[in-house]
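1. After the sequence you'll find the predicted model.
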Amino acid sequence: MHPTEESQQAIWQVIAAIPESRVATYGQIAAMAGQAGKSRWVGQLLSRLPRETRLPWHRVVNASGRITNPNFDLQQARLIAEGIEPRGGRVLLKDHQWRP
DNA sequence: CCTATGACCATAG
DNA sequence: CCTATGGCCATAG
């Protein structure tokens, strides 16, 4: 099955809605976009974002709170700029995960 | 159609 | 904490 245009927008929309100083997991985003189980696809879409995108891609971490983005330094710097303190490349979901 | 490759995840050891 | 395993979805060759 190939993804539809709306399914992509739904993912982007959820990511765009992540509040500042909060993070969301790949799986969480997929579920909130009505596509539970497609966490892998979320990562794929993020990897294709244009460099100048305004989407807060830096607020996305894995289920363990780990920063898995290839551009680790930039993501960590952006999180710190928002007041989040990653420890050993990891964000404490207990304190910073977005829970609408 | 098949295999390989990911910014994934849950579970088990 | 770590690695291994099986499952997941989409894309590229």
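-> Looks like it came in fine.
2. Would you mind naming what in chain A lies close to DNA strand B?
-> A:25-28, A:39-44, A:46-47, A:49, A:57, A:60, A:62-64, A:68-71, A:75 (C-beta under 7 Å from any atom of the strand). Placement of C-beta: from N, CA and C, glycine included.
3. If we check DNA strand C, which of those are in contact?
-> Near DNA strand C, by the rule C-beta under 7 Å from any atom of the strand, you find A:R40, A:W41, A:Q44 out of the residues of chain A next to DNA strand B.
4. three-state assignment of the second one?
-> In other words, A:W41. helix (DSSP: H, G, I helix; E, B strand; the rest coil).
5. Which per-residue confidence value corresponds to it?
-> Note on A:W41: pLDDT of 98.
6. Any idea how many residues pack against it?
-> As a burial measure, A:W41 scores 18 neighbours (other C-beta atoms under 10 Å).
7. How about the first one?
-> By other C-beta under 10 Å, the residues close to A:R40 number 10.
8. can you pull the contacts of the spatially most central residue of chain A?
-> The residue lying closest to the centre of chain A (C-alpha atoms, centre = their mean) is A:V60, at 2.0 Å. If you count contacts by C-beta atoms under 8 Å, 6 or more residues apart in numbering, A:V60 has them with A:I15, A:I18, A:V23, A:A24, A:T25, A:Y26, A:I29, A:V42, A:L46, A:N69.
9. Figure out the helix or strand that the first one lives in.
-> Going back to what we said before, that points to A:I15. helix A:5-16 (DSSP states H and E).
10. Please list the residues of chain A that sit near DNA strand C.
-> Counting by C-beta under 7 Å from any atom of the strand, the residues of chain A near DNA strand C are A:M1, A:H2, A:P3, A:S7, A:G37, A:K38, A:R40, A:W41, A:Q44, A:G88, A:R90.
11. tell me, how many neighbours does A:T4 end up with?
-> That count, for A:T4 with other C-beta under 10 Å as the rule, works out to 9.
12. for the one 10 residues further on, same thing?
-> Residues lying near A:V14 (other C-beta under 10 Å) number 22.
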